[in-house]
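1. have a look; sequence and predicted model below, questions after that.
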Amino acid sequence: MKHRHISGRRAAVAGAGIAALVVAGATFQTANAAPRTAPHTLSAAQAGKLASTLVSDLGKSAAGSYYDAGNRQLVVNVLDESAARTVESAGARARVVEHSLAELDSARGTLKRQATIPGTSWAVDPASNKVVVTADRTVRGAQLKQLTKVVQGLGDTTQLKHSQGEFKPLIAGGDAISGDGGRCSLGFNVVKDGEPYFITAGHCTEAISTWSDSSGQEIGQNADSSFPDNDFGLVKYTAEVDHPSEVDLYDGSTQQITQAGDATVGEKVSRSGSTTQVHDGTVTGLDATVNYGNGDVVNGLIQTDVCAEPGDSGGSLFDGDTALGLTSGGSGDCSSGGETFFQPVPEALSAFGAEIG
């Protein structure tokens, strides 16, 4: 029997990002001296692994890291020269910065308690060593005054930016999976207990329980869902269709997906969705909190400057053969840009007991 082919793509509810972090080290003022040894040339994946090791080894002396894609180097923020030497001896570039991760986490806690306002987001920006707070166009009047007061009270640990768009899960049409209540993009095909499933955004599976393809044939039923706080959903295939582990590149070809991985700040990434197809950009923050305009709060997201529009929600964020994220939401569009946020794939797979396959 010949099966219809359904790849990791599709259409409708979702998202947008911030300014690129890929910069030369000299762009930012730092207190450290010139590197004692030349930093190693690394891929984004290698940089992510080295960053995890160094953060563990340095403990409280580490203050974040990011990938300098232009020079293909890992940059690690530290609090003293001793930690800087450790970083450099491991093959990364060290920057001595002012604020510790504990200080930045404290600022995030204050924002959560005093400034959880619809239309706002915040994430640690390791390149500026600050918590970047973004307010969309709906934040004005008394709410903007409150937000500004909180940010100013946190001193130079935070920075307030404004977006011309509106933070929201973006529900719209597209040639993809659909059901009563809207359409969404398929994220990645996965396997659980030897059976085929796919993952998509949780705000999609909270709204829709039975999924069809563009011809109207039912292809899947919800198996699990988590939204808000998280934004991931699991759908079990109920029709005999092909479910290859790949992403549609909308040019007649596909990108094979062999694994899931964690994103790295500064990493160059691609997003596939049924409304705007494939667009590229940069990871600008991790563990981001987004207060969507409808009052739903989602935590632990990947922040990017990749554009997205209604219909792209649930779609695939990837780097080569590595699955990174599911489109959650944001602001802007593919004409003017904006902020787009993604649910990390490894967290979703762990919650569901599934794997790429």
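-> Structure's in. What do you need? Numbers count the residues shown, from 1 in each chain.
2. does L154 touch A107 like I think?
-> Yes: between L154 and A107 there is a contact at 4.9 Å, judged by C-beta atoms under 8 Å. C-beta here means a position set from N, CA and C on the backbone, and glycine is covered the same way.
3. report the set of residues contacting both of those two.
-> Shared contacts of L154 and A107, defined by C-beta atoms under 8 Å, 6 or more residues apart in numbering, comprise V131.
4. so where is this structure shaky, pLDDT-wise?
-> 1-36, 170-176, 181, 214 (pLDDT under 70).
5. max-length strand in it?
-> Using DSSP state E, we find that the single longest strand of the chain is strand 277-291.
6. strands paired with it, and their directions?
-> strand 120-125 (antiparallel), strand 268-273 (antiparallel), strand 297-304 (antiparallel) (DSSP bridges).
7. can you tell me which residue is spatially central in this protein?
-> Most central in the chain under C-alpha atoms, centre = their mean is I302, positioned 2.1 Å from the mean C-alpha point.
8. residues touching that residue, list them.
-> By C-beta under 8 Å, 6+ apart, the contact set of I302 is 263, 283, 285-286, 288, 317, 324-325, 341-344.
9. so where do the helices sit in the chain?
-> Taking DSSP state H as the criterion, the chain carries its helices at 44-58, 81-89, 101-114, 141-153, 202-207, 345-352.
10. and the contacts of the first one?
-> In this structure, residues lying in contact with helix 44-58 by C-beta under 8 Å, 6+ apart are 42, 62, 65, 67, 69, 73-74, 76, 78, 83, 86-87, 90-92, 261-264, 266-268, 319, 322.
11. related to what we said a few turns ago, angle of the longest strand of the chain against helix 44-58?
-> 20 degrees (axes from the mean of the first three to the mean of the last three C-alpha atoms, to 10 degrees).
12. list the buried residues for strand 277-291?
-> The neighbour-count check on strand 277-291 (16 or more other C-beta atoms under 10 Å) flags 277-279, 281-286, 288-291 as buried.
13. isn't F198 right up against G220?
-> Yes: here F198 lies in contact with G220, judged by C-beta under 8 Å, at a distance of 6.9 Å.
14. give me the common contacts of these two.
-> Both F198 and G220 are contacted by 235, 237, under the criterion C-beta under 8 Å, 6+ apart.
15. of all the strands paired with strand 277-291, which one is nearest F188?
-> With C-beta to C-beta, the closest approach to F188 among these belongs to strand 268-273: 10.2 Å.
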